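**Student:** structure for the following, please:
(chains A and B)
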Amino acid sequence: MNRKLLGAVAWTWVAAPFAYGIYQLFRKVALLFH
Amino acid sequence: MANGFLDRSRIVAPPDWSRWLIPPAALSVHLAIGQAYAWSVFKAPLEKGLTLTGSQSALPFQLGIVMLGLSAAVFGTRVERNGPRWAMFTSLVCFCSGFLIAALGMTTRQYWLVVLGYGGVGGIGLGIGYISPVSTLIKWFPDRPGMATGIAIMGFGGGALIASPWSAEMLRAFGVTYDAAGKVLSVADGAIATTFLVHGLVYAVFMSLGVLLVRVPPPGWHPPGWLPTSSKTGALITTNQVSARNAIRTPQFWCLWVVLCFNVTAGIGILEKASPMITEFFRETSTPVAASAAAGFVALLSLANMIGRILWSSVSDKVGRKNIYRVYLGAGAAMYLMISLFTNSSKPLFVVCAIVILSFYGGGFATIPAYLRDLFGTFQVGAIHGRLLTAWSTAGVLGPLIINAIADAEKAAGHSGPALYGTSLHIMIGLLVVGFIANELVRPVDPKHHEKPVEAKP
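**Tutor:** Predicted coordinates for the structure are as follows:
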């Protein structure tokens, strides 16, 4: 497989759930300022 | 024994392989096993579903953390010998089997199977998985070892951020109901078992990326334009190699053990009681903290912990490992001192100090592999790291024990507010000062512990 494509797939694989976790975290952090 | 697909010889990278494919391989393992810190999501449903006490429902997690330290220490040398693909595959099998055994335990209502599966078998997966990418990352990034290991170890913190909301949503979807305050009302038959089953299967698929993608650099490889002699030639950065067996015989190893143990103890001390602590501190002020705001404060500390892992470990590549630990321990003690002096007079000051302390806590975890590499070389750095993780297991017991016992004693004596935590804060300052001294005692390793060049081939 093309190395750049492999890199894009690999980083997306780990970044997608990580982004979900960060989004959920910021929702909780927002409670601090309510 | 590692043969065929899992063998180290099968994963030597071709010349055009990008080293930037190794961090996602490492992250796929660490983001998965970091789920361990989200175990609390399962506690209340388990207590309701199986009529357990709080202590009983914590058993799988506690056994898991003990097994993490033990398996990292026991299997560290084998991880080095068999290579990262073997280690990641073994971690995948153990961690995911743990969930499947736990699912079986829930289906048959045999709680001991949940403890043995998640805590025992899964815990071995945690330990092997935690150290699996460390040595490989350091070899791929000799110019930035702190940043490289920081990425992976940040993943362990990130794993809980993902698993906590994800597991909670899944429990709801499979039949666990909650009231508005988050208290469990009912648990449908098979709800927890199905959740465990899905976790085991999904994490197996997710971790397989690491197993397939990880590569070790070919012998003699180094980044373009970088040579070993061009690295910072600080007295503490060695080009010699020390085996794991010899490393634990050096005073340097035990100094770092104390440094890690006390830095983690100080961080856990505040993390463990963050929510009740901020509530109690400001209860009698004009601006008390609501329960929702306390939850936001805990989330903010989790974020600081995670950012600290990548930020401070990357900074350590520039300023040196000994200096960064001076900051973690010295400035950390100063932050605790500020909290104890100003108590509830300023909420922003309290929050900022807690954020800095937690960022140092994360930084301390993430920088230690690079510190070990500086002192002992790359030969068996993963195995040495595994042995050092016993300091984490010790701190995991010590930190909560100190802060809970003292808070309970102060409460029993009729105290309230900041007075509940004053003594604990002073103990944390003392521990950080001892850690600071231990860091100051770190010197280059005596040459008698160095491997002969022929023995030190990776």
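
**Student:** can you pull out the helices in chain A?
**Tutor:** Using DSSP state H, the helices found in chain A span residues A:3-29.

**Student:** tell me the residues of the stretch 301-450 of chain B that contact chain A?
**Tutor:** Within the stretch 301-450 of chain B, the residues that sit near chain A (Cβ under 8 Å from any Cβ of the partner chain) are B:Ser302, B:Leu303. Using the backbone N, CA and C atoms, a C-beta is placed for each residue, glycine as well.

**Student:** looking at the stretch 301-450 of chain B, what residue ends up closest to chain A?
**Tutor:** With Cβ to the nearest Cβ as the measure, B:Leu303 is the residue of the stretch 301-450 of chain B nearest to chain A, at 5.9 Å.

**Student:** how many other residues sit next to that residue?
**Tutor:** Residue neighbour count, defined by other Cβ atoms under 10 Å in any protein chain shown, stands at 21 for B:Leu303.

**Student:** what residues does chain A put near chain B?
**Tutor:** Near chain B, the residues belonging to chain A are A:3, A:6-7, A:10-11, A:13-14, A:17-18, A:20-22, A:24-25, A:28-34 when assessed by Cβ under 8 Å from any Cβ.

**Student:** domain assignment for chain B?
**Tutor:** Per automatic domain parsing, the domain ranges recorded for chain B read B:4-213, B:229-452.

**Student:** format those as JSON lines; extra columns: distance to B:Pro223 and mean pLDDT.
**Tutor:** JSON lines is the format used below for the domains of chain B (distance: least, Cβ to Cβ, whole Å; pLDDT from 0 to 100):
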{"stretch": "domain B:4-213", "distance to B:Pro223": "6", "mean pLDDT": "92"}
{"stretch": "domain B:229-452", "distance to B:Pro223": "10", "mean pLDDT": "88"}
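
**Student:** and the ones you listed as JSON lines, adding distance to B:Trp221?
**Tutor:** Output for these, formatted as JSON lines (distance: least, Cβ to Cβ, whole Å):
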{"stretch": "domain B:4-213", "distance to B:Trp221": "8"}
{"stretch": "domain B:229-452", "distance to B:Trp221": "12"}
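
**Student:** so which of these is nearest B:Gly220?
**Tutor:** Closest of the domains of chain B to B:Gly220 is domain B:4-213, at 11.1 Å (criterion: Cβ to Cβ).

**Student:** the closest one: how far from the chain's middle?
**Tutor:** Relative to its parent chain, domain B:4-213 has a centroid offset of 12 Å by Cα atoms, centre = their mean, to the nearest Å.

**Student:** same thing with stretch B:256-272?
**Tutor:** The chain centroid and the centroid of stretch B:256-272 are separated by 11 Å under Cα atoms, centre = their mean.

**Student:** quick one: it near chain A?
**Tutor:** No: taking Cβ under 8 Å from any Cβ as the criterion, stretch B:256-272 and chain A are apart, separated by no less than 14.7 Å.

**Student:** dump that stretch to CSV, restricted to CA.
**Tutor:** Taking C-alpha atoms only, stretch B:256-272 is exported to CSV below (Å, rounded to 0.1, in the frame of the first residue of the first chain):
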residue,chain,number,x,y,z
LEU,B,256,14.3,7.0,39.7
TRP,B,257,12.0,4.5,41.4
VAL,B,258,11.6,7.0,44.3
VAL,B,259,11.2,9.9,41.9
LEU,B,260,8.4,8.2,39.9
CYS,B,261,6.7,6.7,43.0
PHE,B,262,6.6,10.1,44.9
ASN,B,263,5.7,12.2,41.8
VAL,B,264,2.8,9.8,41.1
THR,B,265,1.7,9.6,44.7
ALA,B,266,1.5,13.4,44.8
GLY,B,267,-0.6,13.5,41.6
ILE,B,268,-2.9,10.7,42.6
GLY,B,269,-3.4,12.4,46.0
ILE,B,270,-5.2,15.3,44.3
LEU,B,271,-6.7,13.2,41.4
GLU,B,272,-8.3,10.7,43.8
